[in-house]
Each structure stands twice: as C-alpha cells, then as structure tokens.
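**Q** Can you look at this prediction? I've put the sequence above it.
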Amino acid sequence: MTDASLAGRPAAPWRTILRQAWPILVSSWAGIVFAVLDTAMVGHASAADLQAMSLGASVYITVFVGLMGVVHALIPIIAQHFGAGRLREAGRAWGQGVWLALLLSALGGASMLFPDVWLSLSGDVEPEVRRRVAGYLIALALALPPALLFRTIYATSTAISQTREVMAINLGSIVFKLLFNVWFIFGGLGLPALGVVGAGIATLAVNWMMLAAGLWMIRHRRAFRALAPRLERPRWADQKELLRLGLPMGGSYLIEVCAFSFMALLIARDGLYVSGAQQILANLIALAYMLPMSLSLATASLTAQAVGALDPALARRTGLSGIGLVALGALLTGVVLIVGQDAIVRAYTDEVRVAAIALTLLQIAPWFHFWDAMHCISAYILRAYKIALVPLILQVTALTGLGLVGGWWLGYGPAAGALAPLASRLMPGAPVGAATMWIMAMLGLLLSALLLFTWYGHVLRRQARGA
C-alpha cells in the first residue's frame, strides 16, 4: 500500500525517476503553452492589450510562483507519510494544504487588486493600458484560488508517484484554453471582444475546470482514495509545519523568478535589440529548465518516500541517481544548444539585428543551463529531507549577492566593464553589460549548487552516523 514499491525498486531508482518525471515534464510544457497562446492571441488584439498582458502577467507570475512554492511544501510532507505507510496522515495533510492554499489565495488575490502599486515600478504607463491591466488582474485574482487549490492536488499526485492523471488534466486544459481565448479575446456568440481581459477570463474558467477535474480524480481514483483525502478543520501544528517548510521554499522560488526579472530590466538599458535578444535567451533557458525541474521533482518525492520508510540507503541511492540523470540531461541539452544555435534563433525572430545579438548571448547558454540544472536538483533533494531554510539562505547569498548584485556592480554599476576581457573570451561579440549579467548569474548558480551539494553531503554523513 505504501507502494511497497519502495522495497521493490532499490536496484534501479533511476528507472522510477524517469517513469515519474516525464508526465511532470509534459505538464510543465502544457503550462508554457498557456503563456504562448495568450501572447500570440492577445498580440493580434491590439498593442495596448499586449502591453497590458505583459505587465499584468509579470505581476501574476510573481505572486503565483511565490505562493505555489509554499503550497509545494506538501510534496515532501505527503511523500514521507506515504513512504512510512501513514496513508490517512497523507490524506489529512492534503486537507490542511487546502486551507493554506485558500489563505494564500486571499492574500495573493488582494495584492493583485491594487495594480497602481505594481505599476509604480514601471514608470509612465498609458491610462488605457492601466485600465486593461486592472481588468486583467481582477480576472487573474479570481483565477488564483483554483490555481493554488489545484496545486495541492498536483503536489499530492507527485508525492505518491501518480503523475499521469495530472498530466492528462493539463493537456486537456490546453484545448479549452484555446477555445475560450478565441471566444473571450475576439468576441462572438453575443459577447464583445474583451482583449487582454478576455484572456484573463479564459484562464479563470479553465482553472476552475482543472480544479473540478482534479477533485473528481482524487475522489474516484484508487491510489488517491487509499489516502482518504478529507477537509478537516485547520490544525495549527499542521499549518506550522507547512509554513516552516513552505515559506522558505516560496522564497527560493521567488528569488529565481525575480533574478530573471531584474536582469531583464537592467539589460533593457542597452537598447531595444539587446533587450529582444535577452528575452530570447531567457525564454530558451526557461524551456530548458523544465527537464531538470521535472527530474528533480520526481527525485525529491521518491527520496522523501524512502526517508519516510526509514530507508536512508534507498534515499541516498535515489538522490544520487537523480543527480546523475539531471547531469546527463543537462549535458545532452547543452549539445543541442551548441549544435542548434542558428536554428533556435531563426525560430524566435526574423529581425537581423536581434538575431545577431542573440547568437552572441547564446554562447553562454550550455554552461548556464548546466549549473542551473545542478542548482535545481540540489535544492529539491534537500527539500525531500524537509530542509528548506538553509537552501534559502545559501541561494540568497549566491544568486542575489554574487549573481544579481555582482552582475549589476560589474555590468552597469561602479565597476562597469571590469569583466570585459572575460566576457570577450566566453561570449565574443556580446554586449559587455548583458554578457556580464549572464556570466555573474551563472557564477551565482555555480556557487549555489556547490554550497547546496556540500550541505547535502553533510545530511548524508549525519544520517550515516545516526545509522
């Protein structure tokens, strides 16, 4: 029932990781399709709608990703209960996660109802764009509760190695998102064209549909029914555990998202074409990140199951297998990024000047991705042991201190140009400021990965002494 499973697969945990990771990867890609559909379709509505979507989406992503990280504390908690055979405790933990998701939804949704506070960071914004941002964010604020509640189901399915059902829901949602986008953005059947607000309403409708499908799944699928998932009254002890683990996890997620946002704002100083090239590289890195993230999530949930089953040897083998898989995947992705640079840039843009700059920036992509992947797996494995505060501190030091602040200092601040010789070696022809930002961001990831792996080694040695 606990997936005696764990006892039956110690010889090749990598097989189990791969079996669980690919549906997570497909689900992640489905989420990207949502953003692509919105951008492509709103772009045909009007320039004001597209700008409003860009601004509003950045607000929503910042809020959602941070709160999603808190909800994802359910993964190691439920996985450890599951591995230990405490199935009813796992079901109760899901219910406690629902209460937390509702609270976070109220807080996050309320913050999105004041667009002027967010837009104060963006300088002068046309009144019409502000109006559309406000309408878009109202729709997304209402879409936040089902999105976070669905994440409790996503976390539970990941924790008990039942990822295919959630993948099916995510894939099915794409069809409805496309249909609702066409209807609400461009109008029809008696409804006027709503532009960017229509895209938000489409997301709202689809999120509630996904939640309904997820609730049906946990009520009717045998693997979930075995947990007896239920909504009991909030318990402070359970909420405290969720927040103790979830707040640092949410902080880690936010650091990574905000680092890219601030990089884009700083690099925009170099002009329109450099900013466009930067966006291509950032988007490509985000796409490549889905593979190590999926492998890391699968590794973390299986490692947490082994920890819960009091099998430290299996937990260690699973963690090391995950590290090996992520490293191999990053190396293969690096080869694709090197060999396919020209084709990749052509797929993104026909603008000659943007493409030329993008090719110079993409020279760092394989190296950046490798350390991004190593940073990802090291953080997720530590979360499997319910260790989240230390990784947050290490990430703040490395990613914010060395990566972001260091990149600004050497790229656009008092020491601007100091890394020009190194930039010319690693990224010949690239704009010095942008190249410096990416080099320092990569060094921040490298340092973060090394620090996290060092702490992971400390955890393994401590367990060995305890054994």
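**A** Cool, got the structure.
**Q** What residues sit buried inside the helix or strand where Gly200 lies?
**A** When elements are assigned from DSSP states H and E, Gly200 belongs to helix 196-220. Within helix 196-220, the residues scored as buried using 16 or more other C-beta atoms under 10 Å are 196-211, 213-214, 217-218. Every C-beta, even on glycine, is put in place using the N, C-alpha and C of the backbone.
**Q** Over to stretch 280-299?
**A** Across stretch 280-299, burial judged by 16+ other C-beta under 10 Å covers 280-282, 284-285, 288-299.
**Q** now stretch 441-460
**A** Buried residues in stretch 441-460, defined by neighbour count with 16+ other C-beta under 10 Å: 441-453, 455-456, 459-460.
**Q** cool, and stretch 157-167?
**A** Taking 16+ other C-beta under 10 Å as the criterion, stretch 157-167 shows 157-167 as buried.
**Q** now stretch 262-272
**A** By 16+ other C-beta under 10 Å, the buried positions in stretch 262-272 come out as 262-263, 266-267, 270.
**Q** ok, the residues you listed vs Arg15, which is closest?
**A** Of all the buried residues of stretch 262-272, Arg15 sits closest to Met263, with 37.6 Å by C-beta to C-beta.
**Q** so where does that closest one fall, helix or strand?
**A** Per DSSP H and E: Met263 is located in helix 236-267.
**Q** Which strands or helices does that helix pack on?
**A** Applying 3 or more C-beta pairs under 8 Å, 6 or more residues apart in numbering; DSSP states H and E, one finds that helix 236-267 contacts helix 47-71, helix 74-83, helix 87-112, helix 272-308, helix 365-384, helix 389-395, helix 406-411, helix 432-466.
**Q** just for the stretch 251-400 of the chain, where's the confidence low?
**A** Along the stretch 251-400 of the chain, segments meeting pLDDT under 70 span 272.
**Q** May I ask you to confirm that Leu337 is in contact with His369?
**A** Yes - when contacts are counted by C-beta atoms under 8 Å, Leu337 is listed as touching His369 (6.7 Å).
**Q** Overlap in contacts, those two.
**A** Ala288 (C-beta atoms under 8 Å, 6 or more residues apart in numbering).
**Q** Between these two, tell me which one has more neighbours.
**A** Shown here are Leu337 and His369; by other C-beta atoms under 10 Å, His369 has more neighbours (25 against 22).
**Q** out of everything not next to it in sequence, what's closest to that one?
**A** Distances taken as C-beta to C-beta, 6 or more residues apart in numbering place Ala288 nearest to His369, at 5.0 Å, with adjacent residues excluded.
**Q** quick one: the one you found from Leu332, how far?
**A** Separation of Ala288 from Leu332 (C-beta to C-beta, to the nearest Å): 11 Å.
**Q** quick one: low-confidence parts of the stretch 101-250 of the chain?
**A** Ranges of the stretch 101-250 of the chain meeting pLDDT under 70: 121-125.
**Q** How about the contacts made by the closest residue to Met290 other than its chain neighbours?
**A** Distance criterion C-beta to C-beta, 6+ apart; nearest residue to Met290, sequence neighbours excluded, is Ser28 at 4.4 Å. When contacts are counted by C-beta under 8 Å, 6+ apart, Ser28 touches 290, 293-294.
**Q** the inter-axis angle of the helix or strand harbouring Ser28 versus helix 196-220?
**A** Take DSSP H and E as the rule and Ser28 turns out to sit in helix 13-42. Interaxial angle of helix 13-42 relative to helix 196-220 (axes from the mean of the first three to the mean of the last three C-alpha atoms, to 10 degrees): 150 degrees.
**Q** Give me the angle between helix 13-42 and helix 272-308.
**A** Going by the same axes, to 10 degrees, helix 13-42 makes 140 degrees with helix 272-308.
**Q** re the thing from before, how far away is the residue nearest to His369 from Gln239?
**A** Distance from Ala288 to Gln239, by C-beta to C-beta: 36 Å.
**Q** One more: Met41?
**A** Using C-beta to C-beta, we find Met41 at a distance of 40 Å from Gln239.
**Q** Looking at the two, which one has more neighbours?
**A** Per other C-beta under 10 Å, whichever of Met41 and Gln239 has more neighbours is Met41, with 24 against 16.
**Q** Select, out of the helices and strands packed on helix 236-267, the one closest to Asp350.
**A** Evaluated over the helices and strands packed on helix 236-267, closeness to Asp350 peaks at helix 272-308, with 11.5 Å, by C-beta to C-beta.
**Q** list the helices and strands the very next helix or strand once past the closest one packs on?
**A** Next along the chain after helix 272-308, taking DSSP H and E as the criterion, comes helix 312-339. The contact analysis (3+ C-beta pairs under 8 Å, 6+ apart) places helix 312-339 against helix 13-42, helix 272-308, helix 365-384, helix 432-466.
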